[in-house]
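Chemist: 3D, please:
(2 chains)
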Protein chains: 2
Amino acid sequence: MENSKLAKAPNKTPQIVVLRWGHRPQRDVRLTTHVALTARAMCASGFILADVEDTNIARTVMRICDHWGGTFRFEMGIPWKRAVHEWRTKEGVVVHLTAYGENIQTSNVLDKIKKTKKDVMVLVGSQKVPGNFYSSDVSDFNVAVGNQPHSECAALAVFLDRFFGGEEFSRDFPGAKMRIVPKSRGKEIRNPSEIELNG
Amino acid sequence: MENSKLAKAPNKTPQIVVLRWGHRPQRDVRLTTHVALTARAMCASGFILADVEDTNIARTVMRICDHWGGTFRFEMGIPWKRAVHEWRTKEGVVVHLTAYGENIQTSNVLDKIKKTKKDVMVLVGSQKVPGNFYSSDVSDFNVAVGNQPHSECAALAVFLDRFFGGEEFSRDFPGAKMRIVPKSRGKEIRNPSEIELNG
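Modeler: Next up is the predicted model:
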């Protein structure tokens, strides 16, 4: 951090894009939708549904983006190899979330990722992933959100929360047509202009 | 914290039980399974599938517990009203996870929950929940893991990670038949006796 070269580096938060691998259109539609909505709500910049198209998921995600704002990008049908190759060509790092990886709590893997200061593609599998996901051909880091079997949706959420240091839950979603007013009791939704007028 | 009464309180980590409300056996089987496995992997003590029975989920969770260890309790078919009533009778607090609640990042709601030092039942909805979930008839706290729509599985994961302060990922699961050896590359599973012998 001391030298002038690093001091000049733009002080922006790296962006995260989530790539969902192995989606099976019938079987995984709800889980993949949850993964995509988690990515959006927790301030990932975009989501790639690799290799397949699923218009049900696209419709749901687009509707949420339209109502609730933000600049989330949703793409589908891109071959995973191409998406990963293009990401690495642009000098982004690739993080594979897997229960077999370095433990996010007991190792320094998150620090190592953050220190790169690079944009991150997070690979989230559905079925058993190809063996080369674990190798340097595909991933720069294999990260375990705990070394127990659980849920790729849960793993992604914890990874994003720790990566963004919690700030993802206080960010604004520009262009929202509706916004929740947080309350200890009951439900309140307003449109943003009402909130500005009435506080 | 100053008075002698509080100083004598046992210094144990409060326990968490997750209650899944509104599960629909066909539609929600995979998501509810993910919620239950997240609860187990992130050191909740137990999981209640309220009102309905689903042997598919029970079988999966029991199999994971058998292989991967721990003392996780799985129950199903208990009416949610009875489960909540019994919990509150035992002086546990009830936390309802909802996008409408107090924001876990921008409010002090998590501190308030922790300061009770009580065991916590976390209510996780599937369908739209009954209106009284938001009222003091049912919940002590309504907590939003962000005020955007996303996933109950993601919300539970972030809540547990913050509640346990990350320690849930370094805890031991007694009685495990297999354990992952965290690695930066590849996959390694051993049984616990092998790990003790070979380090």
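
Chemist: Tell me how many other residues crowd A:Phe164.
Modeler: Using other CB atoms under 10 Å in any protein chain shown, A:Phe164 is surrounded by 19 other residues. Any C-beta I mention is one placed from the backbone N, CA and C, and that applies to glycine too.

Chemist: Pull the contacting residues for it.
Modeler: Remark: with contacts taken as CB atoms under 8 Å, 6 or more residues apart in numbering or on different chains, A:Phe164 is in contact with A:Thr13, A:Met42, A:Cys43.

Chemist: among the residues you listed, who's most crowded?
Modeler: With neighbours set by other CB under 10 Å, the maximum within the contacts of A:Phe164 is found at A:Met42, which has 27 neighbours.

Chemist: helix/strand/coil for the residue nearest to that residue when sequence neighbours are not counted?
Modeler: With sequence-adjacent residues excluded and distances taken as CB to CB, 6 or more residues apart in numbering or on different chains, A:Met42 is closest to A:Leu160, at 4.0 Å. At A:Leu160 the chain is in helix, as set by DSSP: H, G, I helix; E, B strand; the rest coil.

Chemist: circling back: next step: the contacts of A:Phe164 restricted to strands.
Modeler: If you go by DSSP state E, those have nothing in strands.

Chemist: A:Arg82 should be in a strand, yeah?
Modeler: No - counting by three-state DSSP, A:Arg82 falls outside a strand, being helix.

Chemist: if I look at it, how far off is chain B?
Modeler: Look at A:Arg82 and chain B: by CB to the nearest CB, to the nearest Å, they are 23 Å apart.

Chemist: hmm, back to that, what is the burial count for the residue nearest to A:Met42?
Modeler: If we define neighbours as other CB under 10 Å, then A:Leu160 has 23 of them.

Chemist: same thing with A:Pro174?
Modeler: Using other CB under 10 Å as the criterion, A:Pro174 is surrounded by 9 other residues.

Chemist: Do you have the helices of chain A handy? List them.
Modeler: The residue ranges that make up the helices of chain A, judged by DSSP state H, are A:4-7, A:29-41, A:55-68, A:80-89, A:109-115, A:152-163, A:192-198.

Chemist: Pull the contacting residues for A:Asp172.
Modeler: A:Asp172 sits next to A:Gly69 when contact means CB under 8 Å, 6+ apart.

Chemist: Out of the contacts of A:Phe164, which is nearest to B:Ala176?
Modeler: Top of the list for closeness to B:Ala176, among the contacts of A:Phe164 and by CB to CB, is A:Met42 at 30.7 Å.

Chemist: so what's the spatially closest residue to A:Gly70 that is not a sequence neighbour up against?
Modeler: Spatial nearest neighbour of A:Gly70, excluding adjacent residues (CB to CB, 6+ apart): A:Phe173 at 4.0 Å. For A:Phe173, the contacting residues are A:Trp68, A:Gly69, A:Gly70, A:Arg179, B:Gln148, taking CB under 8 Å, 6+ apart as the criterion.

Chemist: State the pair within the residues you listed that is farthest apart.
Modeler: With distances taken as CB to CB, the most widely separated pair in the contacts of A:Phe173 is A:Gly70 and A:Arg179, at 11.4 Å.
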